[in-house]
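**Q** coordinates for the following, if possible.
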Amino acid sequence: MSGSDHQATAGREPRPSFAKGLLFLLVIAIAIAGLAAFVLSQRSSEGPLVPAEAPAPLSVDVMQAKLQTSLDLDERFTGLVRARRSGALGFTTGGRIETMNANVGDRVTAGATLAVLDTRALRSQLVSAEAQVAEAVASHSLAMSTVERQQALLDKGHVAQQRVDEAAAQASTAQARIDAARAQAETLRVQIDLARLTAPYDGVITERLFDEGAIAGPGAPVFELVETSALEARIGLPASLAAELETGETYTLVGDKGPVEATLRSVTGVIEAGQRTVTSVFDIDAPDQVSTGAVVRLQMQRNVSEPGLWVPVSALSEGQRGLWSLYIAKREEGDWVARPGLVEIIQSEGERAYVRGAVSDGDRIILDGLQRITPGQPVLPKLDPTTTAQNDG
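**A** Residues are numbered from 1 along each chain as shown. Got it, this is the predicted structure:
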């Protein structure tokens, strides 16, 4: 081949072969067949594919919101009934207990003897002390007679003044011995008297810690005595409500056995740091109508200046940061949809709660079935007249 023929052959591009063209057409056919199969798979058995219909609105019960400017609450505050006086009774001096005259549950009166110590040793010492008193009295009598005789001799000039002064000094010493002996005897009488344990006030024995023959140390509790004739109730109140109480007025407390009349004795006026309340002390007018340790309640009305409304608890779901959420049926472009709103619970009573927040007067609040509802979901609200009436009340 000449050089010119080689150059002409190199300048021409090779033509595609028949096999390559056939392969290309086969690939195109397969792609078209796959697309056709996909379209056919999307067709229904009854005809061509149609767009999906919008979901039907969910039927929900609603209440119409009716806001109120404030809230009047009947609140109950609890307290405990306790004895005005109670304490542990024991002997001032220790000793062996000779008799025990009371048991747990016994009601005793003021001055009643509850227990007695063995006082035989003290009584022996008292006899000795009284003998010393008698001896001192005799010595003093003799000393006074000596003074009188020395004074008579002095008047006659038979003795010096010093003799009279010495006799008077001996008489004074004898008088001092009388006083000391009498003081010792009185001390023993007091110890004997203190060996008898008596009830300081009317009450009931709630505990007995010793029996006869036991050795009780000085000040050791022998009985626990609780006063029953004078009971009081201490109730913690918010400072604003405590300021409305009047000392000396009678209030009705409610206990487990029914109402109990009580007279307000005092209000401490000090806010306790832990509970943020002020303690009010009531004297129970009829102590026999209530027991010590019973729970009593004081009912008072409080006005809360918080605009809001009552809603059923079923209409609320817990939100974040102490807030709660509810759903409101709102009309948008002619259709009803559910929209969430955040509220705060001010007061709850059983199955209802007083809330404030993203609710306007006249809103239709969805009452229940919140687990089926999502924001923006179409709904069909049905007004519940019963719930609306309860909300108005």
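**Q** three-state assignment of the closest residue to Asp106 other than its chain neighbours?
**A** What sits nearest to Asp106 in space, not counting adjacent residues and going by CB to CB, 6 or more residues apart in numbering, is Ile205, at 4.8 Å. C-beta: built from backbone N, CA, C; applies to glycine. At Ile205 the chain is in strand, as set by DSSP: H, G, I helix; E, B strand; the rest coil.
**Q** surely Ile205 and Asn101 touch.
**A** No: using CB atoms under 8 Å as the test, Ile205 is too far from Asn101 to be in contact (10.2 Å).
**Q** joint contacts of these two?
**A** Taking CB atoms under 8 Å, 6 or more residues apart in numbering as the contact rule, Ile205 and Asn101 both touch Leu114.
**Q** more neighbours, the two?
**A** Ile205 (19 against 13; other CB atoms under 10 Å).
**Q** residue contacts, the more buried one?
**A** By CB under 8 Å, 6+ apart, the neighbours of Ile205 are 102-108, 114, 223-225.
**Q** go again with 7 Å.
**A** 102-106, 108, 223, 225 (CB atoms under 7 Å, 6 or more residues apart in numbering).
**Q** by pLDDT, give me the weakest of those residues.
**A** Confidence by pLDDT is poorest for Gly105 among those, given 91.
**Q** and that one, how many neighbours does it have?
**A** 9.
**Q** just Thr69 next, same as before
**A** Thr69 - counted by other CB under 10 Å - has 8 other residues nearby.
**Q** moving C-terminal of the longest helix along the chain, what's the next helix or strand?
**A** The single longest helix within the chain, with elements called by DSSP state H, is helix 120-156. Tracing the chain past helix 120-156, the next element assigned as helix or strand by DSSP states H and E is helix 161-194.
**Q** pLDDT averaged over that following helix - what is it?
**A** Mean predicted confidence for helix 161-194 is 85.
**Q** can you point out the buried residues in that helix?
**A** For helix 161-194, burial by neighbour count (16 or more other CB atoms under 10 Å) applies to 163-164, 167-168, 170-171, 174-175, 177-178, 181-182, 184-185, 188, 191-192, 194.
**Q** next SSE after that helix?
**A** strand 196-198.
**Q** now do the domain split for this structure, please.
**A** The record's domain parsing of the chain by automatic domain parsing lists 60-70+306-392, 89-216, 226-303.
**Q** could you dump the ones you listed to CSV with distance to Val81?
**A** Formatted as CSV, the domains of the chain follow (distance: least, CB to CB, whole Å):
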stretch, distance to Val81
domain 60-70+306-392, 26
domain 89-216, 14
domain 226-303, 5
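**Q** buried ones in the longest helix of the chain?
**A** Buried, per 16+ other CB under 10 Å, within helix 120-156: 122, 125-126, 129-130, 132-133, 136-137, 139-140, 143, 146-147, 150, 154.
**Q** from the contact counts, what lies against that helix?
**A** Counting contacts by 3 or more CB pairs under 7 Å, 6 or more residues apart in numbering; DSSP states H and E, helix 120-156 is packed against helix 161-194.
**Q** the closest residue in space to Arg96 that isn't next to it in sequence: neighbour count?
**A** Excluding the flanking residues, the one nearest Arg96 by CB to CB, 6+ apart is Asp118, at 4.5 Å. Neighbours of Asp118 under the rule other CB under 10 Å: 15.
**Q** is Gly87 in a helix, a strand, or coil?
**A** Once three-state DSSP is applied, Gly87 turns out strand.
**Q** for the stretch 1-150 of the chain, what spans make up the helices?
**A** Assigned by DSSP state H, counting those that start in this stretch, the helices in the stretch 1-150 of the chain fall at 3-11, 18-41, 120-156.
**Q** quick one: least confident helix or strand in this protein?
**A** helix 3-11 (a mean of 45; mean pLDDT, DSSP states H and E).
**Q** for the residue nearest to Asp106, give me the pLDDT.
**A** For Ile205, pLDDT reads 94.
**Q** OK, contacts around the spatially closest residue to Ile284 that is not a sequence neighbour?
**A** Counting by CB to CB, 6+ apart, the nearest residue to Ile284 once its immediate chain neighbours are dropped is Leu231, at 4.2 Å. Counting by CB under 7 Å, 6+ apart, Leu231 touches 81, 83-84, 284, 287, 290, 292.
**Q** scan the residues you listed and report the most crowded one.
**A** Ranking those using other CB under 10 Å puts Ile284 first, with 24 neighbours.
**Q** Thr263 is in contact with that one, correct?
**A** No: at 8.4 Å, Ile284 does not count as touching Thr263 under the criterion of CB atoms under 7 Å.
**Q** before we move on, back to that, from the chain's centroid, how far away is the longest helix of the chain?
**A** 69 Å (CA atoms, centre = their mean, to the nearest Å).
**Q** so Thr263 touches Asp283, yeah?
**A** Yes: using CB under 7 Å, Thr263 is in contact with Asp283, at 4.9 Å.
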